[in-house]
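Q: Below: sequence and its predicted model.
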Amino acid sequence: MRLWGEFAKGIYKENPVFKQALGMCPFLAVTTSVENALGMGAASTFVVVCSNFLVSVLRKLIPRKVRIPCYIVIIATFVTLVDMVMNAYAPQLHRSLGIFIPLIVVNCMILGRAEGFANKNTVIKSLADGFGMGVGFTLAMILIASFREILGNGTWLAVNVLGERFHNQPVLIAILAPGAFIIMGFILGTFNILERRKAGR
Amino acid sequence: MSASMLMAAVLASPDTGGGGVNVAKMMAIILGAIFINNFVLSRFLGICPFLGVSKQLDSAVGMGAAVIFVMTLATLGSWLVYHLLLVPMELTYLRTIAFILIIASLVQLVEMILQKFSPALYSALGIYLPLITTNCAILGMAVLNIDERYGLGESLVHAVSAGIGFTLALVLMAGIRERLETADVPPALRGLPITFIIAGAMSLAFFGFAGLGG
């Protein structure tokens, strides 16, 4: 039961993107389509789960003073793995995510979980926490990618949802850079209103 | 690593191969990095400091200076390590690990040197330096230079221009946010949401530069 709590907090209560504003760069950059969001989400989830696992296993061995460089090396190792596997088995996705694959290393969400959770909790708990954070990050990306892909291309996961006419003349700005910022602003504003309603009740 | 090998590698890089620097290409890199592909507003690199350190003009300028400085040094370090160490030894798949270690140790080194020799500069830039290690603009710059196959000269020009572009976006944003303090923003949008919307408007404005590159 406790484990479920560690997992579930990442999805809404402590969502890395909406509640902690971590991992913004990949979040805004790769969410031009739901497919990219899923790819990035899977890659980041794999890295955060593995790094949480290893950091937690080694938490009594790593000296406090050099812990941050150690965490960075652990994270970079798993990112390199993801980079190579994706390049081999999903070259198309690898190309569209581009430099944001190596940049998973500097996604502050992952280092944040290593430093803030995995280095003082048991292995099982850290796994649950990493998985929850990864899923929360992925869901957040799917949310904004849905808005952007539907508005900007008329499709959702490459399935045409708004009809042929819209597909030919979409709200192109939604998949361009300004659209990412503006849509994110309105999503955060909506969350603020929801929070306010909940607090007022 | 001997000096002659270093010279050989630098001379073999494309930008100096033709004898003399290609001015048109350099201009394209400079304009591209500052305006057209602005790191923050178009490439989405360095969003965290962009949101975190843009509340006041002073700190925005400090952060911008620190980023230009570290970005240039990190580009120099990562370019040399990649082309003189990783490529000859066929270890290019280690580039992510190598680059992040170079950046982290460089930041530490700069911090220590500044603290010892220039306390004034240290007190101005000091608090921003640790933040820079996890600034994805720095690692992104190192990786981009490799992906674009830039030579050493081009890489350094790219780094300085991208740093200037980052500072430009940061300073513009800080200026707007200082005024926003007294503006009547709808309660739900106060804080981060309105910052994102303004960044969107700025990004839209920077889109106007797209025709500049030709």
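A: Looks like it arrived, so ask away.
Q: Please make it C-alpha for all contacts and neighbour counts, starting now.
A: Fine.
Q: send the alpha carbons of whatever helix or strand A:Glu115 lives in over as PDB?
A: Using DSSP states H and E, A:Glu115 maps to helix A:108-116. C-alpha atoms of helix A:108-116 as PDB (Å, rounded to 0.1, in the frame of the first residue of the first chain):
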ATOM      1  CA  CYS A 108      16.700  18.100 -13.700                       C
ATOM      2  CA  MET A 109      13.800  15.700 -12.800                       C
ATOM      3  CA  ILE A 110      16.200  12.700 -12.900                       C
ATOM      4  CA  LEU A 111      19.000  14.200 -10.900                       C
ATOM      5  CA  GLY A 112      16.300  15.600  -8.600                       C
ATOM      6  CA  ARG A 113      15.000  12.100  -7.800                       C
ATOM      7  CA  ALA A 114      18.500  10.700  -7.200                       C
ATOM      8  CA  GLU A 115      19.400  13.500  -4.800                       C
ATOM      9  CA  GLY A 116      15.900  14.100  -3.300                       C
END
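Q: What residues sit buried inside it?
A: Using 16 or more other C-alpha atoms under 10 Å in any protein chain shown as the test for burial, helix A:108-116 gives A:Cys108, A:Met109, A:Ile110, A:Leu111, A:Arg113, A:Ala114, A:Glu115.
Q: cool, and stretch B:117-132?
A: The neighbour-count check on stretch B:117-132 (16+ other C-alpha under 10 Å) flags B:Tyr122, B:Ala124, B:Leu125, B:Gly126, B:Tyr128, B:Leu129, B:Ile132 as buried.
Q: Name the nearest residue to the last one, sequence neighbours excluded.
A: Read that as B:Ile132. Nearest non-adjacent residue to B:Ile132, counting by C-alpha to C-alpha, 6 or more residues apart in numbering or on different chains: B:Val67, 7.1 Å away.
Q: what residues does chain B put near chain A?
A: B:41-48, B:93-94, B:96-97, B:100-101, B:104, B:134-136, B:139-140, B:143-144, B:188-189, B:192-204 (C-alpha under 8 Å from any C-alpha of the partner chain).
Q: Can you tell me which of those end up in helices?
A: Members of the residues of chain B next to chain A lying in helices (criterion: DSSP state H): B:47-48, B:96-97, B:100-101, B:104, B:136, B:139-140, B:143-144, B:192-204.
Q: quick revisit: against B:Phe99, how distant is the residue nearest to B:Ile132?
A: 16 Å (C-alpha to C-alpha, to the nearest Å).
Q: what does chain A have sitting close to chain B?
A: A:22, A:24-26, A:28-29, A:69, A:72-73, A:76-77, A:80, A:99, A:102-103, A:105-108, A:177-190, A:192-193.
Q: Now do the helices in chain A.
A: A:2-8, A:24-29, A:34-57, A:67-89, A:91-97, A:108-116, A:123-153, A:163-168, A:177-200.
Q: got CSV for those helices, with mean pLDDT too?
A: Shown next, in CSV, are the helices of chain A (pLDDT from 0 to 100):
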stretch, mean pLDDT
helix A:2-8, 89
helix A:24-29, 92
helix A:34-57, 96
helix A:67-89, 94
helix A:91-97, 94
helix A:108-116, 91
helix A:123-153, 95
helix A:163-168, 87
helix A:177-200, 93
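Q: Out of the buried residues of helix A:108-116, flag the one nearest to chain B.
A: Chain B has its nearest neighbour among those in A:Cys108, at 6.9 Å by C-alpha to the nearest C-alpha.
Q: give me every residue that touches the closest one.
A: A:Cys108 sits next to A:Leu22, A:Gly23, B:Thr134 when contact means C-alpha atoms under 8 Å, 6 or more residues apart in numbering or on different chains.
Q: Show the buried residues in those residues.
A: A:Leu22, A:Gly23, B:Thr134.
Q: The residue nearest to the last one when sequence neighbours are not counted: how many residues sit nearby?
A: Take B:Thr134 and drop its neighbours on the chain: the residue closest to it by C-alpha to C-alpha, 6+ apart is A:Val106, 5.1 Å away. Around A:Val106 sit 24 other residues, with neighbours defined as other C-alpha atoms under 10 Å in any protein chain shown.
Q: again, but for B:Pro88
A: The criterion is other C-alpha under 10 Å. On that basis, B:Pro88 has 10 neighbouring residues.
Q: give me phi/psi at it?
A: Here is the backbone geometry of B:Pro88 (degrees, to the nearest 10): phi -60, psi -30.
Q: The spatially most central residue of chain A: what's it in contact with?
A: Centroid-nearest residue in chain A, with C-alpha atoms, centre = their mean: A:Phe137, separated by 3.3 Å. By C-alpha under 8 Å, 6+ apart, A:Phe137 lies in contact with A:Ile11, A:Asn15, A:Pro16, A:Val17, A:Gly41, A:Thr45.
Q: what's the answer for B:Ala159, then?
A: B:Ile68, B:Met71, B:Thr72, B:Thr75, B:Met141 are the contacts of B:Ala159 under C-alpha under 8 Å, 6+ apart.
Q: so what's B:Met63 up against?
A: Applying C-alpha under 8 Å, 6+ apart, we find B:Met63 in contact with B:Val53, B:Leu125, B:Tyr128, B:Thr167.
Q: Just confirm the second one is within a strand.
A: Yep, that's B:Leu125 we're talking about. No - counting by DSSP: H, G, I helix; E, B strand; the rest coil, B:Leu125 is not found in a strand; it is helix.
Q: Go ahead and confirm it touches B:Gly64.
A: No - if you go by C-alpha atoms under 8 Å, B:Leu125 and B:Gly64 don't touch, sitting 9.5 Å apart.
Q: Done for today, thanks.
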